[in-house]
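[1] from the sequence below, what's the structure:
(one chain, ligands or ions: 1)
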Amino acid sequence: MDIRLEGIGHSYDNVEVMREISLEIPAGRIVCIVGPSGCGKSTLLRIIGGLERPTQGRVLQIGVPPEGCLNPLTYVFQDFALLPWRSVHGNVSLVLEDHGIPDAEADEIIADVLARTKLSDFAKALPRQLSGGMKQRVAIARALAVKPAVLLMDEPLSALDSQTRELLMDDLVSLYARQPFTAIYVTHNLNEAVRLGHSIVVLSRRPGQIREVVHLDRPLQERALGDPELEARQKYLWDLMRAEARAADAELVNV
Ligand SMILES: Nc1ncnc2c1ncn2[C@@H]1O[C@H](COP(=O)(O)OP(=O)(O)OP(=O)(O)O)[C@@H](O)[C@H]1O
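    A predicted model of the protein is given here:
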């Protein structure tokens, strides 16, 4: 299933947050969205997920979700959002219980997603026993369990330290290599964007408008830390954003 955004604009009261966003998110691709603080990245994700209705424009879902899909647009949040009293298995099973999936079928799905996120040995662990990186893998396993058409990822690695972030990026790449998924991935981190994005949408400061869409053709598995070509792309993105990021930062300080 593809997503198409047509002329999305949004205002809160009289504050215009974004303007004229038109974009294609093709199935099987990871589209990263970057831009200065407050330019509307999370709002755009909420609009795509149907949690907010845009003031202007529309979001189209083109084609059908994958077979067995229980929730076409599924979020992965920065803060993991796990239930502390439920085990790893229990956190994943919750979303299947919500859909009335029989136990035997649910167990099969859970075994599959825990294997894909390398959590099979931790099925009985509680969230408090897990590192931040493992918690986020549980959140990703839970999202995959509903066979989403599109993952909506809102700064999924921002709460993690830099080493854990590197490990999680590797995990996301191997997950994608085994079975490609579609994701819209909001991040502040330009290194994540060049490592994980097939295309990177650069938004201007508020009201957020598309400044440029940068496409990266190199397969994700061939992108490594310190790769000169990726570093050049990252610098290019930062050059596009620097002045506006500084202005947005000053604006926040003056509020
Ligand atoms: N529910 C709301 N009511 C009023 N204003 C809001 C609401 N949600 C967001 N905003 C404002 O809309 C603007 C865009 O917010 P949003 O969180 O989408 O930006 P962002 O690009 O994701 O920011 P950041 O990079 O800092 O996370 C900000 O000025 C924010 O204060």
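
[2] in the stretch 1-150 of the chain, which spans are helices?
    Assigned by DSSP state H, counting those that start in this stretch, the helices in the stretch 1-150 of the chain fall at 41-48, 88-97, 103-116, 132-145.

[3] out of these, flag the one nearest the ligand.
    Ranking the helices of the stretch 1-150 of the chain by proximity to the ligand (CB to the nearest ligand atom) places helix 41-48 first, at 3.3 Å. For the C-beta atoms, the positions are set from N, CA and C on the backbone; glycine is no exception.

[4] tally of neighbours for the residue nearest to Gly63 when sequence neighbours are not counted?
    Nearest residue to Gly63 in three dimensions, chain neighbours excluded: Met1, at 4.5 Å (CB to CB, 6 or more residues apart in numbering). Neighbourhood size, Met1 [other CB atoms under 10 Å]: 18.

[5] who in the stretch 151-255 of the chain is up against the ligand?
    188, 206 (CB under 6 Å from any ligand atom).

[6] what about the stretch 151-255 of the chain, any weak spots by pLDDT?
    The stretch 151-255 of the chain contains residues with pLDDT under 70 at 252-255.

[7] format the helices of the stretch 1-150 of the chain as CSV; extra columns: mean neighbour count.
    Converted to CSV, the helices of the stretch 1-150 of the chain look like this (neighbours: other CB atoms under 10 Å):
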stretch, mean neighbour count
helix 41-48, 22
helix 88-97, 20
helix 103-116, 16
helix 132-145, 23
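
[8] can you check which of those gets nearest to Ala243?
    Minimum separation from Ala243 across the helices of the stretch 1-150 of the chain (CB to CB) falls at helix 41-48, 18.0 Å.

[9] next one: phi and psi at Ser204?
    phi -80, psi 170 (degrees, to the nearest 10).

[10] what of the one 3 residues further on?
    The phi and psi values for Pro207, taken as degrees, to the nearest 10, are phi -70, psi 130.

[11] got a list of what it touches?
    Residues in contact with Pro207 (CB atoms under 8 Å, 6 or more residues apart in numbering) are 9, 16-19, 39-40.

[12] for those residues, work out which two are farthest apart.
    Largest pairwise distance in the contacts of Pro207, by CB to CB, is 13.3 Å, between Gly9 and Cys39.

[13] against the ligand, how distant is Asp121?
    Using CB to the nearest ligand atom, to the nearest Å, Asp121 is found at 35 Å from the ligand.

[14] for Met134, see how far away that residue is.
    Distance, Asp121 to Met134, using CB to CB, to the nearest Å: 11 Å.

[15] likewise Asn14?
    Taking CB to CB, one finds Asn14 at 44 Å from Met134.

[16] what does Leu44 give?
    29 Å.

[17] pretty sure the residue nearest to Gly63 is touching Ile62, no?
    Yes: taking CB atoms under 8 Å as the definition, Met1 is a contact partner of Ile62 at 6.7 Å.
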